[in-house]
Structures are given as C-alpha cells and as structure tokens.
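**Student:** Only the shape, not the letters, is given here:
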C-alpha cells in the first residue's frame with residue numbers, strides 16, 4: 001500500500017504518455033512541461049528498478065516492460081474511472097429534462113408524476129413548457145412530446161394516445177344542451193393553440209357550415225377546460241386531458257359524440273439513449289400511464 005501511494009503520481013504521468021503517444025503530448029494533456037514528465041518517468045524507473053522507455057529520435061518508445069505496464073495500467077485506470085462514475089451516479093440524483101406544451105403538462109403529465117417519484121425517488125424531472133409546437137426540439141432535453149402522425153425520422157418515437165375531440169362543460173350547463181344544434185347558442189370556449197378543435201367536431205356532427213354565435217378564445221386548452229369547470233362555457237377538449245375531471249364530476253359530456261382524428265401524441269427521444277437508464281425507466285412509466 002505504501003509503495004503504491006508513492007507511485008500513483010508517476011504512474012498517472014506514465015499512463016498519460018502512453019495514451020497520448022509521447023512525452024510532449026503527454027505534457028500537454030497534463031498541463032505540465034515535458035521536462036516535468038521526463039523527471040516523473042525517471043523517478044518511476046528508479047522506484048521500480050526497470051527501464052520503461054528509450055530514446056527514439058526526439059521522442060521516446062516503450063520498452064517491452066514499459067509496454068506491459070502501460071497496457072495494464074491503462075485498463076486499471078479505466079476500471080477505476082468506471083467505478084467512480086458508478087459511485088457518483090449512485091450518490092447524486094439523476095435528472096431528466098422534458099419539453100412539452102402547457103396543456104399536456106397541466107392536464108396530463110403533472111397529475112401523474114407522483115406515481116413516478118414514488119417508484120424512482122432518485123430521479124429528478126425538469127419540465128419546460130413552450131408556447132409553440134415548432135419549439136419542441138430535443139436540443140438539451142431528454143424528451144419532447146409532440147402532436148402529429150408519429151413520423152419523425154431519426155428520433156425514437158413512442159405512441160402515447162390518439163387525438164379524440166369531445167365537448168365538455170359543467171353539470172349545470174349540460175342541462176341546457178340536448179342536441180348538437182344547442183351548441184350553436186351556447187358559449188363555446190376556443191384554444192388559440194388548437195383553433196381547429198370546434199370546427200372539426202361541429203363538422204363531424206353535421207354542423208360544418210353553421211356559425212356559433214357566442215365564442216370565447218383563450219390561450220390554451222388547459223385554460224379552456226378550467227373555464228368550463230367554472231361554468232363559463234363549453235370547451236372542446238382532448239379526451240385524454242379531461243378523464244380526471246369527468247371522473248370527479250367537475251365536467252360532464254353534454255353530448256356523447258367523440259371525434260377522433262388521424263393525429264396522436266408521441267414521446268420522442270434520442271434513439272441512442274432510448275434503452276439507457278434513466279431514460280428507459282421514464283419511457284416505460286409514461287407508456288404504462290398512457291394505456
């Protein structure tokens with residue numbers, strides 16, 4: 001042990017010379033002078049009583065004994081680095097970064113996160129919301145959630161749920177709506193981010209050319225749903241986003257007709273990381289919640 005303690009410094013220098021291919025490059029890697037590197041190697045040779053290098057022009061080459069030591073030393077230092085990485089990861093929380101649209105975060109993801117933390121308390125989740133779908137790029141994020149057809153070449157894609165439009169409102173307001181035509185006299189809540197919502201549903205209900213008389217437009221679907229809970233009007237919502245509100249009775253379906261589209265919601269990540277921890281753990285959990 002005492003011998004190794006005194007040898008660690010020179011061994012580190014010798015490893016740098018071997019990995020970088022010479023004294024000058026080894027000195028650059030260690031941010032010291034070539035003379036300091038040469039002195040450390042001479043010290044190591046003296047302590048071991050073995051010649052490790054010999055002159056070869058302006059540089060050096062390893063002797064047979066030096067090559068044996070260098071290869072074993074390189075492997076040992078790599079193994080130590082791997083252990084240090086493992087210990088560091090075990091002692092520090094892992095972090096996953098997500099970029100999503102506000103309504104997905106508010107109405108679907110955040111209400112479910114407690115179950116993820118209950119199972120994986122060592123993983124931190126950082127959620128960033130963006131105001132435009134075009135901003136949903138991976139960049140420095142581990143995941144993004146996009147609305148579309150599922151075709152994004154070069155990315156790993158997991159299907160979460162299909163898009164299904166449903167009208168929702170408070171129980172009191174539902175008493176005034178018995179047929180699709182009644183919606184034309186009700187106050188309809190529109191999302192700025194999904195302006196096609198109501199036209200899509202009304203067209204499927206046979207009212208494509210009709211013009212609703214009372215409309216309120218809000219920034220996103222989450223605000224529309226909350227406004228519907230508060231009795232402001234009838235919102236058009238993603239079915240997946242209002243399941244909890246419907247189950248609790250805060251919202252009801254004034255009409256049963258549901259209108260699916262060809263789109264859905266998808267979890268995207270780097271394919272090189274899809275099966276690495278903790279990315280895989282989060283993917284598996286999110287997919288189980290989406291079932």
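**Tutor:** Happy to help now that I have it. Predicted, not measured: the structure shown is a model, and the values here were computed from it.
**Student:** what about the strands in the stretch 151-291 of the chain?
**Tutor:** Taking DSSP state E, counting those that start in this stretch as the criterion, the stretch 151-291 of the chain contains strands spanning 156-168, 187-191, 214-218, 234-238, 259-269.
**Student:** and of those strands, who's closest to residue 5?
**Tutor:** Nearest of those to residue 5, taken as C-beta to C-beta: strand 259-269 at 44.7 Å. Heads up, the C-betas are built off the backbone N, CA and C, glycines and all.
**Student:** so that closest one versus strand 156-168, what angle?
**Tutor:** 150 degrees (axes from the mean of the first three to the mean of the last three C-alpha atoms, to 10 degrees).
**Student:** Report all helices and strands that strand 259-269 contacts.
**Tutor:** Counting contacts by 3 or more C-beta pairs under 8 Å, 6 or more residues apart in numbering; DSSP states H and E, strand 259-269 packs against strand 143-148, strand 156-168, helix 197-204, helix 279-290.
**Student:** Not counting its own residues, what contacts the last one?
**Tutor:** The reference is to helix 279-290. 96, 112, 115-116, 119-120, 123, 125, 142-143, 158-161, 240, 267, 269, 273-274 (C-beta atoms under 8 Å, 6 or more residues apart in numbering).
**Student:** try 7 Å this time
**Tutor:** Residues outside helix 279-290 that contact it (C-beta atoms under 7 Å, 6 or more residues apart in numbering) are 96, 112, 116, 120, 142, 158, 160, 161, 267, 269, 273, 274.
**Student:** Would you mark the buried spots in it?
**Tutor:** By neighbour count on 16 or more other C-beta atoms under 10 Å, the buried set for helix 279-290 is 279, 281, 282, 283, 285, 286, 289.
**Student:** Just the local confidence number for the first one, please.
**Tutor:** At residue 279, the pLDDT value in this model is 92.
**Student:** Please report how far residue 121 lies from residue 113.
**Tutor:** Distance from residue 121 to residue 113, counting by C-beta to C-beta, to the nearest Å: 12 Å.
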